[in-house]
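K.L.:
can you look at this prediction? I've put the sequence above it.
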Amino acid sequence: MPADDHQIRLGGRQVGRAGAGGVPGAHGCSDVDLGGSGAHQSAEPALGVGALGARTGNPPAPACRGRRFVCLGRGNVTDPPPASLVAHVAGPFDRSAVPEGHTIYRQAREHNHTLRGYAVRADSPQGRFAAGAALIDGRTLLRAEAVGKHLFHQYDGQLWLHVHLGLYGEWRTGTPPFPPARGALRLRLWTENVWWELRGATACEVLTRPEVTAIRNRLGPDPLRRNADPDRVYARIGRSRAPIAALLMDQSVLAGVGNVYRAELLFRHKIDPHRPGRDVSPEQWAAMWIDLVTLMRDGVRRGRIVTTRPPYRRRSRVYVYRRTGEPCLVCGTPVRTQTLLARNLFWCPVCQPHSATTGDGSGTGAW
């Protein structure tokens, strides 16, 4: 992404872009696939700037009625929310974590439910995405789709909105009237029935189909997509000397997995996070993939990550993530933490021993 955060890339030309706001047991449920399998889309001719020139005016600012904005799950709210306003943060249960794939799938599903098929109004109260908002203002949303940690909106006229929340990004939603536009409000989308606000996203940009295809092609298989190929993931893992913990977080290897799923998956399968990828057996990886798909689908359904099995769930909904120094739920050993590639690892040194030959032989997670 270019350093200039006022540029939007359209058809290979720069006409304005919103910049980065911040850098940063098996439950089972129905399959998740929003908007088709499309890991690869056929390229189309890039849209020139001239083809988009008709939509350059700024939309009229919506009237703010002074209603209090209530963000469920944040802070202490003493007054009940107005009946006309339902708002929430579509983010992970731990705001210190980068939103993972299940969160983005929930967002895409909600955007499809509330915005798909409507002519969507758009503006940028902050001003940093004014040019991009003007390009999609008044266009009909054809679909919203999640791929890994990336959210795409496809609008008529062959335009795509691409959002990556990064560490600090979040969506808020409610019903009219709008709350006052405060702070770094990057993008606002609305119809007569609903509004959505985006703040703090690492990426917020308008793209053409070839540019969307380029992003998708550099991502690894997404466990939440029906056509995801676990063998393609293992082809990278099985020949790498890099720690398995690093490989699971590499979005070019595996899309949508973040720090929480990484830590919990390795614990559930008794694998030391430092083990080289090539020392993970095909049988272990096959079991890890099945478990990961199940956990992430459950995360889509619940809206939060729950990885502990019922015997341990009353004490915690995760085994090791952000439990540094606390006793392991299984063996009582203090959970350890170490920084790897600027992200914190969490693991139990007893349940996940430092040996390439240990671990459940079948790869089936015992915890």
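P.N.:
In hand now; what should we look at? Please read all numbers here as calculations on a predicted model, not as lab measurements.
K.L.:
and the residue nearest to Tyr118 when sequence neighbours are not counted, what does it touch?
P.N.:
Distances taken as Cβ to Cβ, 6 or more residues apart in numbering place Thr191 nearest to Tyr118, at 4.6 Å, with adjacent residues excluded. Quick note: C-beta positions are derived from backbone N, CA and C, even for glycine. By Cβ atoms under 8 Å, 6 or more residues apart in numbering, Thr191 lies in contact with Thr114, Leu115, Tyr118, Ala119, Val120, Arg121.
K.L.:
and those residues as TSV, adding pLDDT and distance to Arg236?
P.N.:
TSV is the format used below for those (pLDDT from 0 to 100; distance: Cβ to Cβ, whole Å):
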residue	pLDDT	distance to Arg236
Thr114	97	37
Leu115	98	36
Tyr118	97	40
Ala119	97	43
Val120	98	38
Arg121	97	43
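K.L.:
among those residues, which ones are in strands?
P.N.:
Using DSSP state E, the subset of the contacts of Thr191 located in strands is Ala119, Val120, Arg121.
K.L.:
if I pick the second one, what's in contact with it?
P.N.:
Pointing back at Val120 there. By Cβ under 8 Å, 6+ apart, the contact list for Val120 reads Ile136, Asp137, Gly138, Arg139, Thr140, Leu141, Tyr155, Leu189, Trp190, Thr191.
K.L.:
of all the ones in strands among the contacts of Thr191, which comes closest to Ala242?
P.N.:
When those are compared for distance to Ala242 (Cβ to Cβ), Val120 wins out at 42.1 Å.
K.L.:
all strands of this protein, in order?
P.N.:
Counting by DSSP E, the strands of the chain are 9-10, 13-14, 119-123, 139-147, 150-155, 159-164, 170-174, 185-190, 195-199, 203-207, 336-340, 343-347.
K.L.:
now do the longest one: which elements does it pack against?
P.N.:
For strand 139-147, the packing partners by 3 or more Cβ pairs under 8 Å, 6 or more residues apart in numbering; DSSP states H and E come out as helix 101-115, strand 119-123, strand 150-155.
K.L.:
which one of these lies nearest to Met288?
P.N.:
Nearest to Met288, of all the helices and strands packed on strand 139-147, is helix 101-115, at 15.4 Å by Cβ to Cβ.
K.L.:
CA atoms only: put that closest one into CSV for me.
P.N.:
Output of helix 101-115 as CSV, limited to C-alpha atoms (Å, rounded to 0.1, in the frame of the first residue of the first chain):
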residue,chain,number,x,y,z
GLY,A,101,-11.5,-14.7,10.2
HIS,A,102,-14.7,-15.6,12.0
THR,A,103,-15.2,-12.0,13.0
ILE,A,104,-14.9,-10.8,9.3
TYR,A,105,-17.3,-13.5,8.2
ARG,A,106,-19.9,-12.3,10.7
GLN,A,107,-19.5,-8.8,9.5
ALA,A,108,-19.9,-9.9,5.8
ARG,A,109,-23.1,-11.8,6.8
GLU,A,110,-24.5,-8.8,8.6
HIS,A,111,-23.6,-6.4,5.7
ASN,A,112,-25.4,-8.7,3.3
HIS,A,113,-28.4,-8.9,5.5
THR,A,114,-28.7,-5.1,6.0
LEU,A,115,-27.2,-3.5,2.9
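K.L.:
correct me, but Gln252 touches Leu219?
P.N.:
Rather than Gln, residue 252 is Ser. Yes. Here Ser252 reaches Leu219: they are 6.6 Å apart, a contact under Cβ atoms under 8 Å.
K.L.:
same drill for those two, tell me which one is more crowded.
P.N.:
Leu219 (18 against 11; other Cβ atoms under 10 Å).
K.L.:
out of the helices and strands in the chain, which is least certain?
P.N.:
Lowest on mean pLDDT, DSSP states H and E among the helices and strands of the chain sits strand 13-14, with a mean of 32.
K.L.:
any idea how far the spatially closest residue to Tyr105 that is not a sequence neighbour lies from Arg302?
P.N.:
Once flanking residues are discounted, Tyr105 sits nearest to Ala146: 4.5 Å by Cβ to Cβ, 6+ apart. According to Cβ to Cβ, to the nearest Å, Ala146 and Arg302 sit 16 Å apart.
K.L.:
then Glu145?
P.N.:
Glu145 sits 21 Å away from Arg302, going by Cβ to Cβ.
K.L.:
which one of the two has more residues nearby?
P.N.:
Higher neighbour count among Glu145 and Arg302: Glu145, with 25 against 15, using other Cβ under 10 Å.
K.L.:
redo the strands of the chain as TSV? Include distance to Leu248.
P.N.:
Shown next, in TSV, are the strands of the chain (distance: least, Cβ to Cβ, whole Å):
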stretch	distance to Leu248
strand 9-10	30
strand 13-14	35
strand 119-123	36
strand 139-147	17
strand 150-155	18
strand 159-164	19
strand 170-174	24
strand 185-190	30
strand 195-199	28
strand 203-207	22
strand 336-340	11
strand 343-347	11
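K.L.:
ranking the ones you listed by mean pLDDT, which is last?
P.N.:
Among those, strand 13-14 carries the lowest mean pLDDT, a mean of 32.
K.L.:
would you list the buried entries among the contacts of Thr191?
P.N.:
Thr114, Leu115, Tyr118, Val120, Arg121 (16 or more other Cβ atoms under 10 Å).
K.L.:
tell me which of those is nearest to Glu326?
P.N.:
For those, the nearest to Glu326 is Thr114 (39.5 Å; Cβ to Cβ).
K.L.:
ok, and the closest non-adjacent residue to that closest one?
P.N.:
Closest residue to Thr114 apart from its sequence neighbours, by Cβ to Cβ, 6+ apart: Val194 at 4.6 Å.
K.L.:
which one of the strands of the chain lies closest to Arg314?
P.N.:
So among the strands of the chain, strand 343-347 is nearest, using Cβ to Cβ, at 20.2 Å.
K.L.:
in the closest one, what's buried?
P.N.:
Under the neighbour-count criterion of 16+ other Cβ under 10 Å, strand 343-347 has Arg343, Leu345, Phe346, Trp347 buried.
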